[in-house]
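1. Below: sequence and its predicted model.
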Amino acid sequence: MNIPERTSARADSRLEVREGMRIGAGLVIVMMGGALCILHASGCRERKVEQPIDYSHKTHVGTAGIACVDCHQSVESGIRATIPPLETCKGCHSDTPLTESPEEKKLLNYLANGGEIPWNKVYQVPDHVYFSHRRHVSRSKVTCQECHGDIASFVNAVSFQFLPVTMENCMKCHKERNVTNDCLSCHR
Amino acid sequence: MPKWAMAIDLDKCTGCESCMIACKVENNVAIVDPEQAQAGRVMYWMDMMTAYESEDTQVVRRIVPKPCFHCDEPPCTVVCPVGATYRNPEGIVAQVYHRCIGCRYCMAACPYTAKVFNWYAPKWLEDSACRPNPDVSLRMSGVVEKCSFCSHRLQQIKEIADLEGRRIEDGEYVTACQENCPTDAIVFGDIEDKDSSVYKLSKSYRVKRYMDDLDVKPKVFYLSRRTTE
């Protein structure tokens, strides 16, 4: 006679537990969603890099009409695109400032004092990956904008990766273009 | 699609071990402490093995180079539980270090014992002449590694050939061991190309395949006039 009572009591406790779990799970999901929103809004997923000069690509590429290759000289012929040395800046900038920008004054200081501008690397490929700009730009005609974004509209210095350097992004593009995704073609 | 293969001419090989050292330096193979090396943890991608050669009544004991044989039917790739080792379309048996969990099943499966295990994270001396090669990644401890037929060189050669719109010529893609062999005993190339020197050597009457009875179809073969065991 006691048996049905027991089972019903058990079922009640189970229901309570289930209800509790449901509420708990709901809370966790809401909290995670909130956290993700905050992370996304603050740009936490992007690695921010500080630059010594707030270099404006918009002024140089958009307004002055300088091509990417004019400064990043080995992008078509070498593995690395290279960050231009001060010598390249000297081609246009001399002792008299071209604009009233405070950032140009910083550059003129570097020109006067000698030494290179300590630019910080934004795009970095790990040592077990072989990535060649020459192959992508000269051979496969990938435009700079595809990975680096519409650089002609960047007012501030480059501080984050437009297309994050991940294997997922590389393989996605390789798949779209029917390029080999064999490990040994990029990894070493 | 080319298929890379190697021929080692034992009639030319003097057993000088230059290939072994060239490989170690080229591929950033870790230098192991003497005590650990004594315990059998020494690391070589190109190792030297003892062979006995006989001609008429003479028997000579000598050392011969032994790289990874890059089998066409590799036993190591079958046993890997995580797919960290595989045979690529060009016939190179590759090792993906970041996938490897260090279980060493592949080492047990390899009949040639061509694979080595990283017991320690590699240490490199500062301000030393022996700095790591930037073209090859440094392996972490706890992964298995092996000869890659210097595939980092292939990546660059392929790119240059692609830009010039031609095929890779015979003798353009050379491995470090081949480059440093003083007697040119090591020949490397595309075995699918009928004009390549490695194809011609593979048809020689002197060809001997090491452990041929296992039917793993190794792509490294030895050439010797004498009977070698």
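-> Here it is on my side, so go on.
2. Which secondary structure state does A:Pro126 sit in?
-> coil (DSSP: H, G, I helix; E, B strand; the rest coil).
3. Now do it, the pLDDT please.
-> If you check A:Pro126, the pLDDT there is 91.
4. Contact partners for it?
-> Contacts for A:Pro126 (C-beta atoms under 8 Å, 6 or more residues apart in numbering or on different chains) come out as B:Ser137. C-beta coordinates here come from the backbone N, C-alpha and C atoms, glycine included.
5. Please apply the same query to the one 5 residues further on.
-> Residues in contact with A:Phe131 (C-beta under 8 Å, 6+ apart) are A:Ile79, A:Val125, A:Cys186.
6. and the residues you listed, which are buried?
-> Restricting the contacts of A:Phe131 to buried positions leaves A:Ile79, A:Cys186, with burial counted as 16 or more other C-beta atoms under 10 Å in any protein chain shown.
7. Pick the one among the contacts of A:Phe131 closest to A:Ser140.
-> Proximity of these to A:Ser140 (C-beta to C-beta) peaks at A:Cys186, which lies at 13.4 Å.
8. before we move on, the earlier item: and chain B, which of the contacts of A:Phe131 reach it?
-> Taking C-beta under 8 Å from any C-beta of the partner chain as the test, chain B is in contact with A:Cys186 out of those.
9. Can you add distance to B:Arg226 and give the contacts of A:Phe131 back as CSV?
-> Below are these laid out as CSV (distance: C-beta to C-beta, whole Å):
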residue, distance to B:Arg226
A:Ile79, 46
A:Val125, 49
A:Cys186, 43
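10. closest to A:Glu146 among the contacts of A:Phe131?
-> A:Val125 (16.0 Å).
11. Give me the three-state assignment for the nearest residue to the closest one once chain neighbours are set aside.
-> Nearest non-adjacent residue to A:Val125, counting by C-beta to C-beta, 6 or more residues apart in numbering or on different chains: A:Phe131, 4.6 Å away. Look at A:Phe131: counting by three-state DSSP, its state is coil.
12. got it, and B:Pro65?
-> Taking three-state DSSP, the label given to B:Pro65 is strand.
13. Could you look up the SS state of the nearest residue to it once chain neighbours are set aside?
-> Excluding the flanking residues, the one nearest B:Pro65 by C-beta to C-beta, 6+ apart is B:Cys19, at 5.1 Å. The assignment at B:Cys19 comes out as helix when based on three-state DSSP.
14. No further queries at this time; thank you.
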